[in-house]
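Q: structure for this input, please:
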Amino acid sequence: MKTLEIYDPAMCCPTGVCGVDVDPALVQFAADLAWLGEQGIRVTRYNLGQEPQAFAVNAAVLKEMEAGIDRLPILFIDGQIVSTGLYPSRAQMAQKLGLVLTDSAEAAPKKSCCTPKSGCC
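A: This is a model prediction of the structure:
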């Protein structure tokens, strides 16, 4: 089973899909991670604001952060850095993980799991 680890910048909640001004890119990324989980990928996500110890014990993450906090998010596949500084699209992650992206998976609806003014999922 392949593993995907994400080291996120500090956010209001583990996914960043919270608050009154939700970033649509984070909503889509959360949906993409759920899709990856359905494909058998083990996904682990760390938030700097809530889990700083996970960052402190990972030498590769610390080295990237020395170059600047804008290096977050950092994505690892099976222990190797595959992306820094941005949230890749579903198609990009599928390609990096060796998954076949069907037309229906690529055209997944872009919706929020939050109801308006709910605060957080």
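Q: show me what counts as buried in stretch 64-79.
A: 64-65, 71-77 (16 or more other CB atoms under 10 Å). For every residue, glycine as well, the C-beta is placed using N, CA and C.
Q: max pairwise distance over the residues you listed: which two?
A: 65 and 77 (19.1 Å; CB to CB).
Q: how about the buried residues of stretch 64-79 in a markdown table, adding distance to residue 46, secondary structure and pLDDT?
A: Formatted as a markdown table, these follow (distance: CB to CB, whole Å; DSSP: H, G, I helix; E, B strand; the rest coil; pLDDT from 0 to 100):
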| residue | distance to residue 46 | secondary structure | pLDDT |
| --- | --- | --- | --- |
| 64 | 13 | helix | 97 |
| 65 | 12 | helix | 97 |
| 71 | 14 | helix | 97 |
| 72 | 10 | coil | 97 |
| 73 | 9 | coil | 97 |
| 74 | 9 | strand | 98 |
| 75 | 11 | strand | 98 |
| 76 | 10 | strand | 98 |
| 77 | 15 | strand | 98 |
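Q: nearest to residue 4, of these?
A: residue 77 (5.7 Å).
Q: give the burial count for the closest residue to residue 36 other than its chain neighbours, as a bare number.
A: Leaving aside its chain neighbours, residue 36 sits nearest to residue 43 (5.7 Å; criterion: CB to CB, 6 or more residues apart in numbering). Neighbourhood size, residue 43 [other CB atoms under 10 Å]: 17.
Q: quick check: which element contains residue 43?
A: Taking DSSP states H and E as the definition, residue 43 sits inside strand 42-47.
Q: for this protein, what helix or strand is lowest in average pLDDT?
A: Across the helices and strands of the chain, mean confidence by mean pLDDT, DSSP states H and E is lowest for helix 103-106: a mean of 60.
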